[in-house]
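Participant: Fold the following for me, if possible:
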Amino acid sequence: MTPSDTILASARQTHQVIDRQGRRITVKTLSALDTLRLLKAAGPVLAENQPWLSIATLAISVIEIDQIPVPAPTSEVQIEAVVERLGDDGLEAIADELHRREGLSSTDPMLNRIVTGK
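Facilitator: This next block holds a predicted model:
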């Protein structure tokens, strides 16, 4: 495997989490292009709103819920629709997976704000 193949394979990594409602949520590792598209969809004002952007980042990482594909949102309204569909349980499960995978402390203030809204 070439170094480029390794980078591409890493960028396509997916993980599954199960939220408190028993939904199996598949999330992907976001690429630089995914982040760029999120900022474009957010627009200039929301792109500066860190709490909104943090929750939106969790939402755009979702590619499936219970094996039903979730199209990549391309607008503020679509991002908010995914957030509404996930609800607190889905967002918390994704944030917990991020804690585990990235080795972040469960007391990380930004992720706790994402999950609790406080």
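
Participant: Quick one: the helices in the protein, in order.
Facilitator: 3-11, 32-46, 50-60, 76-102, 109-116 (DSSP state H).

Participant: and the second one, what other elements does it pack with?
Facilitator: For helix 32-46, the packing partners by 3 or more CB pairs under 8 Å, 6 or more residues apart in numbering; DSSP states H and E come out as helix 50-60, helix 76-102. Glycine gets a C-beta too; all of them are placed from N, C-alpha and C.

Participant: deepest of the helices of the chain, which one?
Facilitator: Highest mean neighbour count of those: helix 50-60, a mean of 19 (counted as mean count of other CB atoms under 10 Å).

Participant: thinking again about what came up before, to Ala41, which of the helices and strands packed on helix 32-46 lies closest?
Facilitator: Checking the helices and strands packed on helix 32-46 against Ala41 by CB to CB gives helix 76-102 as the closest, at 6.1 Å.

Participant: Could you give the number of residues near Gln21?
Facilitator: Neighbourhood size, Gln21 [other CB atoms under 10 Å]: 12.

Participant: nearest spatial neighbour of it, skipping sequence neighbours?
Facilitator: Asp89 (5.2 Å; CB to CB, 6 or more residues apart in numbering).

Participant: Pretty sure that neighbour sits against Asp19.
Facilitator: Yes. Using CB atoms under 8 Å, Asp89 is in contact with Asp19, at 4.3 Å.
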